[in-house]
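K.L.:
Structure, please.
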Amino acid sequence: MAGPVVLAYDVGTSGVKAVVVDASGHVLGSRVRTYGLETPRPDWVEQDIEVILTELGRASRDVLETVAVRPAQVAGVALTAQMFSVVPVDDRGRALRPMLSWLDQRAAREAAAIAAAAGEDGGYEMFDAALTAKDIAPRIAWLVEQERGVASRTAWYLDCKEAVVARLTGAVGIDPAGASAFRLVDPATGEWDAERCARIGVDVARMPPILSAVDTVGHLTPEAAALTGLAAGTPVVTGAGDVPASQIGAGATSHGDIHLSLGTAVYFGITANRRLTDPGRRLGPLCHVVPGDWLLWLEVATGGAALSWMNRLLAGIAGRTADPDHAATDRAVNAAAGEMERLQFAPWLTGERVPLFDDGARGAFVGLALHHGPGHLVRAVMEGVASQIAWAFDYGLAYGVEPGAIRAVGGGSIGTAWTRIIAESLGRPVEIVADPQDAGARGAAACALVGLGLATDLRAAVPPRVDRIVVPDPDRVSVARERGASFRALYPALRAVAPRPTAHPAAPDAVGAVG
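P.N.:
Numbers count the residues shown, from 1 in each chain. Okay, here's the model as predicted:
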């Protein structure tokens, strides 16, 4: 192999993927390394950036060896990563404490206080969103108030991708979509807004510079080169978070195009050629990394995570590993289809975003009977998440964008039973993108290819391929519609008895730098 290639890293919640992509946008090879989450207290979910870096290095060296690529052939590097997390770093770009994951809910009290101070609309006018504990700004407010020693040493508040890039290069920068996810950017100017930052108690100077997704943010340090198996000085472009990167990787790049990410979280990304206004005054769009475009991002908080949770429980009982067997799962779920008898699952294991925007929502099985077994429970989880997906999609329709094709990516796209249930719940065909777990990395690779002059258009740099189309059966759509109506009635009933998230004190403020 003589031509130049780029290396893309996809830093997810449960692992990191390293992908080699050639100049024509085709994936030549990929490798995955896994890691876990830490839950030191109720509602706290954290990850160690140094652990992520170690596994990123192993995945990088593995894929270079597998594809037989020499370091000199790698023209550049780009990253995508989980979004809506927070990492305070020092002036060298090193994390001062473990990352507050997007799953973390410790900032419920801060979110409520910000919303109350913002006025009747809960902060929509000020922050372009009604903030919850799942947002970045309340997490920063929590750090400022509860870990003052860490806050006083913080040079930058970063998201996951930016924190990893800072460790690889010693440089700091964030793409426009990632910056807008903080809800501290003025949508009219695309720059950090000092007044919004002041509302959460942070100096605007501690926000990272906003760069184009195709700009070179820095170069691999000698330490990072040794870690990754690449050459020191290899350029690293800014890249894009998982929402815009997967949008590009799925090929959902025209106005109204939709990608549906079936990962730990589940979300829709809808491309728009203008800035949209929420008639419900709850959620504004994100700025896209494609100049002039916007992204309507509609998240279901516990999507694939609910299935993983169910699988871990069943695996633990059976004394087996929790690695999914997609074929066996499909068989069990299909066999249970006629025996559900209105068994339903509310998937709100970590609160919910769209359309509930409620940190206090909690999950439940409703309608359990003696004949229900593992297959019924797994199907109930699939149907519950699918009903929530349809509810979020209906919320998005109110923005007034005519929806185009729905392209599914992520690990949840691999099996057949869940994608069919989702298509039935939506009442729309779902296109399954080939190699769906590579979509985010392909989007990051597009940023590198354009930034390095190997391609000219972010939207066309990594041509996608649709593997299959799931067309829902009209009779099953009617059944799913009835199920969805009763599903939506679960929320007010369960909300009346659900406990409120607990506001926990900070850990001792002696947390030092990690690594």
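K.L.:
For the rest of this, base every contact and every neighbour count on C-alpha atoms.
P.N.:
Fine.
K.L.:
what's the domain layout of the protein?
P.N.:
5-102+139-243, 254-433+465-497 (automatic domain parsing).
K.L.:
I'd guessed residue 81 sits against residue 15; true?
P.N.:
No - taking contacts as CA atoms under 8 Å, residue 81 lies outside contact range of residue 15: 10.2 Å.
K.L.:
between these two, who's got more neighbours?
P.N.:
residue 81 (26 against 16; other CA atoms under 10 Å).
K.L.:
For the nearest residue in space to the more buried one that is not next to it in sequence, give me phi and psi.
P.N.:
Excluding the flanking residues, the one nearest residue 81 by CA to CA, 6 or more residues apart in numbering is residue 11, at 4.4 Å. Backbone torsions of residue 11, given as degrees, to the nearest 10, read phi -90, psi 100.
K.L.:
Tell me how many other residues crowd residue 11.
P.N.:
Neighbour tally, residue 11, other CA under 10 Å: 29.
K.L.:
Relative to residue 65, how far out is it?
P.N.:
20 Å (CA to CA, to the nearest Å).
K.L.:
Kindly report the same for residue 431.
P.N.:
Taking CA to CA, one finds residue 431 at 33 Å from residue 65.
K.L.:
and if you look at residue 48?
P.N.:
Applying CA to CA to residue 48 and residue 65 gives a distance of 26 Å.
K.L.:
who has more neighbours, those two?
P.N.:
Taking other CA under 10 Å, residue 48 and residue 65 do not tie; residue 48 has more neighbours (20 against 11).
K.L.:
was I right about the more buried one contacting residue 98?
P.N.:
Yes - under the criterion of CA under 8 Å, residue 48 lies in contact with residue 98, with a separation of 4.8 Å.
K.L.:
The lowest-mean-pLDDT helix or strand in the chain: what's the following helix or strand?
P.N.:
Every helix and strand in the chain was compared by mean pLDDT, DSSP states H and E; the lowest is helix 304-318, with a mean of 86. With elements assigned by DSSP states H and E, the helix or strand that comes after helix 304-318 is helix 326-335.
K.L.:
and for the following helix or strand past that next one, what are the contacting residues?
P.N.:
Using DSSP H and E, the helix or strand that follows helix 326-335 towards the C-terminus is strand 344-346. Outside strand 344-346, the residues within contact range by CA atoms under 8 Å, 6 or more residues apart in numbering are 362-367, 380-381, 383-385, 487, 490-491.
K.L.:
just these now: which is nearest residue 279?
P.N.:
residue 491 (21.5 Å; CA to CA).
K.L.:
Which positions within the helix or strand that contains the closest one qualify as buried?
P.N.:
If you go by DSSP H and E, residue 491 is part of helix 474-495. Residues 476-477, 480-481, 483-484, 487, 490-491, 494 are the ones in helix 474-495 that count as buried (16 or more other CA atoms under 10 Å).
K.L.:
So which elements touch it?
P.N.:
Packed against helix 474-495 by the contact rule (3 or more CA pairs under 8 Å, 6 or more residues apart in numbering; DSSP states H and E) you find strand 344-346, helix 374-397, helix 417-426.
K.L.:
closest to residue 52 out of the ones you listed?
P.N.:
The nearest among the helices and strands packed on helix 474-495, by CA to CA, is helix 374-397 at 28.4 Å.
K.L.:
quick one: contacts of that closest one?
P.N.:
Residues contacting helix 374-397 (CA under 8 Å, 6+ apart): 266-268, 296, 298-300, 302-303, 306-307, 310-311, 314, 329, 332-333, 335-337, 339-340, 343-347, 354-355, 403, 418, 421-422, 425-426, 480, 483-484, 487.
K.L.:
which among those end up buried?
P.N.:
266-268, 296, 298-300, 302-303, 306-307, 310-311, 314, 329, 332-333, 336, 340, 343-347, 354-355, 418, 421-422, 425-426, 480, 483-484, 487.
K.L.:
From residue 11, how far out is the residue positioned nearest the centre of the chain?
P.N.:
Nearest to the geometric centre of the chain sits residue 82, at 4.5 Å (CA atoms, centre = their mean). As judged by CA to CA, residue 82 and residue 11 stand 6 Å apart.
K.L.:
any common contacting residues for those two?
P.N.:
With CA under 8 Å, 6+ apart as the test, residue 82 and residue 11 both reach 160-161.
K.L.:
contacts for stretch 120-134?
P.N.:
Against stretch 120-134 from outside (CA under 8 Å, 6+ apart): 84, 102-112, 114-116, 118, 137-139, 183-184, 196, 281-284, 353, 357-359.
K.L.:
From the chain's centroid, how far away is that stretch?
P.N.:
20 Å (CA atoms, centre = their mean, to the nearest Å).
K.L.:
now the end-to-end length of that stretch.
P.N.:
20 Å.
K.L.:
got it, and stretch 410-428?
P.N.:
19 Å.
K.L.:
Show me how far it is from its chain's centre.
P.N.:
With CA atoms, centre = their mean, you get 18 Å for stretch 410-428.
K.L.:
all numbers from here: first residue = 108
P.N.:
Okay, using 108 as the starting number, the last item reads as stretch 517-535.
K.L.:
got the contact list for it?
P.N.:
368-370, 411, 433-434, 437, 440-441, 489-490, 493-494, 496-497, 500, 536-537, 539, 543-546, 577-581, 583-584, 587-588, 591.
K.L.:
Can you pull the poorly scored residue ranges out of the stretch 308-457 of the chain?
P.N.:
For the stretch 308-457 of the chain, the stretches flagged by pLDDT under 70 are 425-426, 428-431.
K.L.:
which residues of it fall in helices?
P.N.:
Shown for the stretch 308-457 of the chain, the helices assigned by DSSP state H, counting those that start in this stretch span residues 329-335, 349-356, 411-425, 433-442.
K.L.:
Give the other helices and strands that the second one contacts.
P.N.:
This means helix 349-356. strand 181-188, strand 365-369, strand 373-379, helix 546-558.
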